[in-house]
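Visitor: I'd like to go over a predicted model; first the sequence, then the structure.
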Amino acid sequence: MKMKQLSVFLENKPGRLIQPCKALADAGIDVLTMCMADTEKFGILRLIVKDWQRAQKILEMAGCVVNVTDVLAIEVPDKPGGLMGIPTLLEPGCLNIEYMYACNLKSGMNAVMIVRFDDPDRAIKVLHENGVNVLKTISF
Amino acid sequence: MSRIEPIHPDSYADFLTRDELARIQLARLQENVALSYAHVDLTRRRMQASGIKPEDIRSLADLVRLPFMEKSDLRDTYPYGLFACPMRDVVRLHVSSGTTGKPIVVGYTADDLKVWTSVMSRTLSAAGVSQGDIIQNCFGYGLFTGGLGAHYGAEALGATVIPISGGNTERQLMVMQDFGVTCICSTPSYFLHLIEAIEATGSGFKNLKLRVGVFGAEPWTDGMRAHIQDRAGIKAFDIYGLSEIIGPGVATECACQCGLHVFEDHFLMEIVVPKTDQVLPDGEEGELVLTTLSKQAMPMLRYRTHDITSIIPEPCACGRTLRRIRRISHRSDDMLIIRGINVFPSQIEAALLKVENTLPHYQILLTSKQGLDQIEVQVEITEKMFRDRVSALEQLQKKLTNAIEHVVGLRIEVRLVEPQTIARSQGKAKRVIDQRTEGSEG
């Protein structure tokens, strides 16, 4: 249940977000969730959208460099210590997380985390074995 | 001048009459030409091609008949092709960066080192340094000519030398204070860095005995000088030199700080129109061309420095008869001098090509900060280079920086930029964007 995430390279300068955001807005692309990673010199805008292939084309036509990555959307109980309820997620040596961020949509009573694992296929298997729900889609 | 300049015996040559000087120059020029003709294939072939024999050099005016030499000649004859003496007589080699890939090699005989030491003693002497002074020499020791050149000149003068080289700011400050340092030799950019560190200590300059700074190896403005002198309470002198000719010690300022006296008993100077053979009269601005008069290992004839300046014909108030050149304002080629290191855009391109398979779009951005050149290399990111992970991109930046350092010998900041942000003009990108401000603001 891998999900496609679009990553866009941005220079760390004021006004750099306008171009990709405007391109997506003009094309009527619905952004489901997004996050920004930033360093001193550059940033990476990460987006989960409904129609990623179309969104990729639109961003590239707008002059952006786009990278497509597999991420997993996993359900996490929406309560204090919810993440701790998924032992395999945080335990050392079990799964290797590159990064993660929260999704602003909920799946029933659960929160949704977007996670990039170094090995998503193995992560799906391990998470399933431990009864963690990996979502097919977050476009609900 | 409040202080009477102590005159080191070597400095008497600074005060010869112009007639005496001309006699020495002609004798040495004839000797150099004969030596080059006999032992340097490149020079002999070029002189033969233009139908000149060593005996045709009968007066200093005949200098213009000789062919020019270029930096590319050093590269083309790498490593020893311009040496005029057997290798057994060469006692020292120094290396500096060439235009691409291969560096250039310069050699010295024992007598060459004596000359170099002497012109550096005269340089420091002109800056008011003498026996009793304690010199902190921050010029790099090693392949770069700055460190050892200043070192031997200072020792011969009878001064105390601390061969500290660059780096380790904390130790520099400790030495400066505890050892009672009176004179510092460094690049102006490094001294500016030290000023900031000294000011950050709280006690500032009041516990220091520093009174003289001898700065060179990179261009700096008059505004920068005023800034250094005001903040550090010292007198700051500009010195000029280049490895191909001897290293530091080609020209220096005196107490008047009004142009640099060229050590004309060892180096002949001309000013020419860049890219042509046309020699310009004194006072007119053009490219500085230098001829060595006493170098044995690697005599140079009419070497095009690409440094733009003019000769100041009027005599100097200090009494030196050596003519002066104005401080170097810019260059006639695309060579950049950053923190004392020669950098060519072609070197940066070659380095970037080694990291990525395809030619990345890049540009070199030059800015000035307090009168000093700052450099940044911007590389446009491509689909192939872009990774979703921050660490991967930081690693790429580091890889590019390392590749440039490997070729240029200098850590230059690399910034990844968005595609199409580097301006293209008719398909050809402008590689160097010069945003340096002209003139003297600090």
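Guide: That came through, no problem.
Visitor: the nearest residue to A:Lys136 once chain neighbours are set aside: how many residues sit nearby?
Guide: Closest residue in space to A:Lys136, ignoring its immediate chain neighbours: A:Met1 at 5.0 Å, by C-beta to C-beta, 6 or more residues apart in numbering or on different chains. Using the backbone N, CA and C atoms, a C-beta is placed for each residue, glycine as well. Neighbour count for A:Met1, taken as other C-beta atoms under 10 Å in any protein chain shown: 15.
Visitor: contacting residues for A:Met1?
Guide: Residues near A:Met1 by C-beta atoms under 8 Å, 6 or more residues apart in numbering or on different chains: A:72-73, A:124, A:134-136.
Visitor: run a quick neighbour tally on B:Val272.
Guide: 19.
Visitor: how about the one 3 residues further on?
Guide: When neighbours are counted by other C-beta under 10 Å, B:Lys275 registers 10.
Visitor: and the spatially closest residue to it that is not a sequence neighbour, how far from B:Asp434?
Guide: Spatial nearest neighbour of B:Lys275, excluding adjacent residues (C-beta to C-beta, 6+ apart): B:Ser332 at 7.3 Å. As judged by C-beta to C-beta, to the nearest Å, B:Ser332 and B:Asp434 stand 14 Å apart.
Visitor: what kind of secondary structure is A:Gly43 in?
Guide: With DSSP: H, G, I helix; E, B strand; the rest coil as the basis, A:Gly43 sits in strand.
Visitor: helix or strand for the residue nearest to it when sequence neighbours are not counted, which one?
Guide: Leaving aside its sequence neighbours, A:Gly43 sits nearest to A:Leu10 (C-beta to C-beta, 6+ apart; 4.5 Å). For A:Leu10, the element it lies in under DSSP states H and E is strand A:3-11.
Visitor: how about that strand: buried residues?
Guide: A:3, A:5-11 (16 or more other C-beta atoms under 10 Å in any protein chain shown).
Visitor: now, which of those residues sits nearest B:Thr187?
Guide: Proximity of the buried residues of strand A:3-11 to B:Thr187 (C-beta to C-beta) peaks at A:Glu11, which lies at 30.7 Å.
Visitor: which bits of chain A sit near chain B?
Guide: Residues of chain A lying near chain B by C-beta under 8 Å from any C-beta of the partner chain: A:5, A:7, A:9-11, A:16, A:37, A:39, A:41-42, A:44, A:46, A:63-67, A:69, A:98-99, A:116.
Visitor: buried members of those residues into ChimeraX, please.
Guide: The buried subset of the residues of chain A next to chain B, as determined by 16+ other C-beta under 10 Å, is captured in ChimeraX by this line:
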select /A:5,7,9,10,11,16,37,41,42,44,46,64,65,66,67,69,98,99,116
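Visitor: quick one: least confident helix or strand in chain B?
Guide: Sorting the helices and strands of chain B by mean pLDDT, DSSP states H and E puts strand B:428-429 at the bottom, at a mean of 54.
Visitor: from chain B, which residue is nearest to chain A?
Guide: B:Asp388 (4.1 Å; C-beta to the nearest C-beta).
Visitor: for that residue, which non-adjacent residue is closest in space?
Guide: According to C-beta to C-beta, 6+ apart, the nearest residue to B:Asp388 is A:Ser7 (4.1 Å).
Visitor: could you give the bridge partners of that neighbour?
Guide: A:Ser7 has these beta-bridge partners by DSSP bridges: A:Arg46, A:Asn67.
Visitor: residues touching it, list them.
Guide: Contacts for A:Ser7 (C-beta under 8 Å, 6+ apart) come out as A:44-47, A:66-69, B:386, B:388.
Visitor: which pair of these spans the longest distance?
Guide: Spanning the widest gap among the contacts of A:Ser7 are A:Leu47 and B:Phe386, at 14.5 Å by C-beta to C-beta.
Visitor: which residues does B:Gln374 contact?
Guide: B:Gln374 neighbours (C-beta under 8 Å, 6+ apart): B:366-368.
Visitor: what about those, which one has the most neighbours?
Guide: B:Ser368 (19 neighbours).
Visitor: so who does that residue touch?
Guide: B:374, B:435-437 are the contacts of B:Ser368 under C-beta under 8 Å, 6+ apart.
Visitor: now B:Leu16
Guide: Residues counted as contacts of B:Leu16 (C-beta under 8 Å, 6+ apart) are B:24, B:265, B:321.
Visitor: mind checking the SS state of the second one?
Guide: Assigned with three-state DSSP, B:Asp265 falls in the coil class.
Visitor: pretty sure it sits against B:Gln25.
Guide: Yes: B:Asp265 is within contact range of B:Gln25, at 6.9 Å (criterion: C-beta atoms under 8 Å).
Visitor: quickly list what's touching both of those two.
Guide: Counting by C-beta under 8 Å, 6+ apart, the shared contacts of B:Asp265 and B:Gln25 are B:Leu293.
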